[in-house]
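> Just to be clear, the model below is a prediction. Sequence and coordinates:
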Amino acid sequence: MKVHLIFVGNKFIYNTSLKDYVQRSVLKNFDYIDNTTFYKESDNTLFLELDSLLNTESKVIIVTSKQNFSTIGKVLCTVTEDNQVLKEGMLIPSESYVYKEASYLLEYKNCAVNVLHIDEMQKFPKLLLDSEDSKEVLNIFGEDEESLRAILNPVAQTYDLRLDIFTIIDGWIQVNVSSKKFGEISKFIPSASKLLPYKIIQTDDMATYIIEKLTQFDKKITFAESCTGGLLSYFFTSRNGASNILDGSLVTYSNEIKANWLAVEEATLEEFGAVSSVVVKEMAEGALNVSEADFALSISGIAGDTGGTVDKPVGTVFVGLKTKDGFSKEEYLFLSGDRNYVQNQSVLHAVKILLLSSKDIFFEI
């Protein structure tokens, strides 16, 4: 059954922060959204859209402002030949028997419609629609897609499961497992783990997973970033519980700041340049010394769209890791894409290095 997300109101077109918040909230309940459509308040084609959708086997989520909430109800009543009534202080279609504050559910033929209202600086209302499928997300490291399909597809067929396999970055593949029987998934995951020991992390939110694991083992982490400008730190601080594992991090863009804040040797910078394996090693070591954390990740590179040279073209990135017990690792990357995509890939490679450096913390058989 397809999921359709409909925004009604100019604010959802222009207020990207609010729009993104709504989409994140919806995706907590659904694996994906099949279609997303935006309508301005004055767009009369919404009636035709709803008239069409209500005659299909679909799940429809309509998000609007409080000002337009009753108007959407009127449109639905016109389509379904119903009338609005007052329930819990809301004017909603009389056939809506499931409702919470700022949210109601209407079922018509084979279609289910959840109408919600939200405005700026408000909490997202309770979503009354749920996904029919049970799902789990597996993150698998050190394998390629072809090998994974050969290993996992026969097991998935045994338990009548659907697998969606795709690459996040080199060496990190995500597998979305879905079924109408959650018990079958619970049997599949142990079988997959036996076939791929110490390679699977079961989570749909890697940042939260790492925070929970580091908290469990009473470990701290810090970061020294150049080309990512704090994006690696934000990867974690955008999640609850980040303060348990992170006391602070450093964004060191210029060579002078790298030297003054992280004690990167000026001779190293002159000889090898800021974008080098040696420099990210010293950046990680400096961040570890300043913060007294257990892990330090460092990134330096040329994200673009300009700034590249023949020897170090745009997309050249180095990622480093240093641990309190003396382990260090540096990785050279040559990444494609625009500035933001190069930055995001760099962050994910740093996360991957962290995970693989401490399998005893992050992986289970």
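That came through, no problem. Numbering: from 1, shown residues only.
> Just confirm E285 is within a helix.
Yes: under DSSP: H, G, I helix; E, B strand; the rest coil, E285 falls within a helix.
> How about it: what's its closest non-neighbour residue?
Excluding its sequence neighbours, the residue lying closest to E285 (Cβ to Cβ, 6 or more residues apart in numbering) is K322, at 5.1 Å. (Glycine included, C-beta is placed from N, CA and C.)
> buried sites along the host helix or strand of L106?
Using DSSP states H and E, L106 maps to strand 103-108. Of all the residues in strand 103-108, those buried under the rule 16 or more other Cβ atoms under 10 Å are S103, Y104, L105, L106, Y108.
> ok, what's across the strand from the third one?
Judged by DSSP bridges, the bridge partners of L105 are V98, N114.
> Does Q174 belong to a helix, a strand or coil?
strand.
> From Y39, how far off is K11?
12 Å (Cβ to Cβ, to the nearest Å).
> Please say which of those two ends up with more neighbours.
Neighbours were counted for K11 and for Y39 using other Cβ atoms under 10 Å; Y39 has more, 21 against 18.
> wait, doesn't that one sit right on N10?
No: the pair Y39 / N10 is not scored as a contact, 9.4 Å apart, by Cβ atoms under 8 Å.
> re earlier: ok, the buried residues of strand 103-108 vs S277, which is closest?
Nearest to S277 out of the buried residues of strand 103-108 is S103 (Cβ to Cβ; 52.9 Å).
> contacting residues around the closest one?
Each residue near S103 by Cβ atoms under 8 Å, 6 or more residues apart in numbering is listed here: N114, V115, L116, H117, P125, K126, L127, L128.
> ok, now with 10 Å
The contact partners of S103, by Cβ atoms under 10 Å, 6 or more residues apart in numbering, come to 61, 63, 69, 90, 92, 96, 114-118, 124-129.
> For it, give its distance to T64.
Distance from S103 to T64, by Cβ to Cβ: 11 Å.
> Quick test: name the residue nearest the centre of this structure.
D205 (6.4 Å; Cα atoms, centre = their mean).
> what helix or strand is T36 on?
strand 35-39.
> Tell me how many other residues crowd L195.
L195 - counted by other Cβ under 10 Å - has 14 other residues nearby.
> Surely it touches V155?
Yes: assessed by Cβ atoms under 10 Å, L195 is found in contact with V155 at 7.3 Å.
> Tell me where the stretch 151-300 of the chain has helices.
Taking DSSP state H, counting those that start in this stretch to define them, one finds helices in the stretch 151-300 of the chain at 182-195, 206-216, 231-237, 255-262, 266-272, 277-291.
> Using TSV, please lay out those together with distance to Q343 and mean pLDDT.
Formatted as TSV, these follow (distance: least, Cβ to Cβ, whole Å; pLDDT from 0 to 100):
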stretch	distance to Q343	mean pLDDT
helix 182-195	32	90
helix 206-216	16	97
helix 231-237	5	98
helix 255-262	18	98
helix 266-272	22	98
helix 277-291	15	98
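> returning to what we had before: touching both of K11 and Y39, which residues are there?
With contacts defined as Cβ under 10 Å, 6+ apart, the residues shared by K11 and Y39 are T64, N68.
> any idea whether L321 is helix, strand or coil?
Classified using three-state DSSP, L321 is strand.
> can you pull the contacts of it?
L321 neighbours (Cβ under 10 Å, 6+ apart): 280-281, 284, 288, 295-298, 327-331, 350, 353-354, 356-358.
> where in the protein is pLDDT low?
365 (pLDDT under 70).
> domains of it?
2-117, 134-204, 207-362 (automatic domain parsing).
> Ranking those domains by mean neighbour count, which comes first?
domain 207-362 (a mean of 19; mean count of other Cβ atoms under 10 Å).
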